[in-house]
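Asks: for reference, the sequence and a predicted model appear below.
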Amino acid sequence: MPRPAVADRAAVTIGLMGVLLLAMYAATISTTWKTPDVASAEVGAWRIAHTGAPWVDGLATDHYLLSVDVDETTKHREKLILFSTINQSNGHAVIGRTPGVVAAGIPAYWIQARFDADSANDTSPVPGALTGAALTALSVVLLLFSLKDLVPLRVLLGSGLALALATPYWSVLADALWSHNVTVLGIAGMAWAARRDRWWLVGLFGGLSVWGRLHVAVIVAALGVGLALWRRRPAIAVAVAGTSLPVLAAAFVWGRWVYGSWDLYAVTGGYAQAAGTIAAEPGQTGNPGSLTNLLGYLISPGAGLFVWTPVLLALLPAVVRAWRSTPDWTRVLAVSGIAYLVVQSMLNLFHGGTGFWGNRLGLETLTCLFPLVVCSLAQVRPVERTVALALLSYQAGAILLGAGFDLAHNHGFAWREYDPYLALQDNAAATIVVVATGMGLTYFAARTLREPEQPDTEPSAVS
């Protein structure tokens, strides 16, 4: 067991990191809407906070929050509109978004209403974006607490900084309010609870994550059932199901209130019907379930998980070597995250999306992989460490470019366009300076955190 003083120091340090991340995130939030995904969720939260009801009659039209940009080269028309649908019981217009992302934004808009009477007449992206920043910082803190005492403190802090500032955690999650803020927070909470064998908490956080995106239920079920089978303890699956299912049921209650329906349409936020009002995305390829979709999520230049976080590939050999010695919950969580991405590719056509910088639909998988990767770092060999540091440094520079200048992918051609390269074409000098700065800071931080230190913890048993 760790010495109490060391454990307290680690907890305080992680807490301070969370506060600093929140401050940095808050300074770089997006103050304009770039996608209807974010605008619709934040308008829905604003409406409920101010009126107590989800009705948006008179607001949910193609001309509300309208932004048109015609690219003469691609002839692609970007139009920012709300995802709107109709309550089946009373005919009111409502926002078509998943329950979790709308509910997450309500407190910030309620606070705004207490201090700004004029906010009732028009909404702002800022309260929603600050909510996204806060949820992201909290997710990082929960993940670090799930790994506290499993690796040296400096390794833990370095890993946390890499996740928080060198991945789309910063450029996507902390930039605005997405459904991924809810799912990632839920997954981070599941990791924290699983580390402590608090299975009822795993279920509660799992239910929360499903409020963000229904098919995250794949991760919840795989983690609960997988650990129950591995440990031969059926009670684990019973506890996870016993607390996650009531939270999922509450999402149906929300759906009945907002959409006047008890079916799956209610917990998916009416998304399918609402999205049908928007023209097909450019660059859309493949069919539901096709290999093309999965490859798009993994390796497409515009939105590939391995393109935006290539350090994962450099660390893969270490993960393989350390597999048997890592905690069982980290392995099951990682497999659950991979299964989720496969299911995602079966449910959705891949087109890459617009209105964000980096990989978005792989954030849940990245979160699931994080604990396993961190627990495998002791197995990284010198050559792999050099390659990983080089890739991580570039990641950090590319993410800093997008997060610092509030850039976003605009065309949706994920197989043909790589945003840092487009930025280089637009302004080579600024792009080079920013990316080089991110790389330099990452290298300096890595060197600092790799200084020799006394072990912070005694070896802990790995189940």
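Replies: Happy to help now that I have it.
Asks: now the helices for the stretch 51-200 of the chain?
Replies: 99-115, 125-147, 153-165, 168, 179-195, 199-212 (DSSP state H, counting those that start in this stretch).
Asks: nearest to A318, out of those helices?
Replies: With C-beta to C-beta as the measure, helix 153-165 is the member of the helices of the stretch 51-200 of the chain nearest A318 (12.6 Å). No exception for glycine: its C-beta is placed from N, CA and C like everyone else's.
Asks: lowest-confidence helix or strand of this protein?
Replies: strand 68-70 (a mean of 43; mean pLDDT, DSSP states H and E).
Asks: and the lengthiest helix in the chain, what's buried?
Replies: In the chain, taking DSSP state H as the definition, the longest helix is helix 234-259. Neighbour-count burial for helix 234-259, counted by 16 or more other C-beta atoms under 10 Å, picks out 236-237, 239-241, 243-245, 247-248, 251-252, 254-256, 258-259.
Asks: which stretches in this structure count as strands?
Replies: Taking DSSP state E as the test, the strands found in the chain are 68-70, 77-79, 84-86, 93-95.
Asks: hmm, who's touching the last one?
Replies: When you say that, I think you mean strand 93-95. Outside strand 93-95, the residues that touch it by C-beta atoms under 8 Å, 6 or more residues apart in numbering are 40-41, 43-44, 47, 54-60, 82-87, 102, 258-259, 269-270.
Asks: quick one: mean pLDDT over it.
Replies: For strand 93-95, mean pLDDT is 88.
Asks: how far does it sit from the chain's center?
Replies: How far strand 93-95 lies from its chain's middle: 25 Å, per C-alpha atoms, centre = their mean, to the nearest Å.
Asks: each with direction, which strands does it pair with?
Replies: The sheet places strand 93-95 alongside strand 84-86 (antiparallel), with pairing taken from DSSP bridges.
Asks: tilt between the longest helix of the chain and helix 99-115?
Replies: Relative orientation of helix 234-259 versus helix 99-115 (axes from the mean of the first three to the mean of the last three C-alpha atoms, to 10 degrees): 60 degrees.
Asks: which helices and strands does helix 234-259 pack with?
Replies: Contact analysis of helix 234-259 by 3 or more C-beta pairs under 8 Å, 6 or more residues apart in numbering; DSSP states H and E lists strand 93-95, helix 99-115, helix 199-212, helix 217-230, helix 264-267 as its packing neighbours.
Asks: could you list the low-confidence segments of this protein?
Replies: 1-7, 60-81, 270-289, 451-463 (pLDDT under 70).
Asks: try it again with 80
Replies: Confidence mapping of the chain against pLDDT under 80 gives the ranges 1-7, 58-84, 117, 119-122, 264-290, 351-352, 410-412, 446-463.
Asks: check contacts around A322.
Replies: Going by C-beta under 8 Å, 6+ apart, A322 touches C375, S376, A378, Q379.
Asks: same thing but at 10 Å, please
Replies: L315, T330, L372, V373, C375, S376, L377, A378, Q379, V380 (C-beta atoms under 10 Å, 6 or more residues apart in numbering).
Asks: ok, now which ones touch the closest residue in space to G105 that isn't next to it in sequence?
Replies: Closest residue to G105 apart from its sequence neighbours, by C-beta to C-beta, 6 or more residues apart in numbering: A45 at 3.0 Å. Going by C-beta under 10 Å, 6+ apart, A45 touches 54, 95, 97, 101-110, 123, 127-128, 131, 177.
Asks: do A103 as well
Replies: A103 sits next to A41, G44, A45, I48, R97, V182, L208, W211, G212, A251, W254 when contact means C-beta under 10 Å, 6+ apart.
Asks: that one and F83, how far apart?
Replies: Note on A103: its distance to F83, by C-beta to C-beta, to the nearest Å, is 16 Å.
Asks: again, but for I111
Replies: Applying C-beta to C-beta, the value for I111 to F83 is 25 Å.
Asks: and P310, by the same measure?
Replies: Counting by C-beta to C-beta - P310 and F83 are separated by 33 Å.
Asks: of these two, who's got more company?
Replies: Higher neighbour count among P310 and F83: F83, with 25 against 18, using other C-beta atoms under 10 Å.
Asks: quick one: the more buried one from V102, how far?
Replies: Separation of F83 from V102 (C-beta to C-beta): 11 Å.
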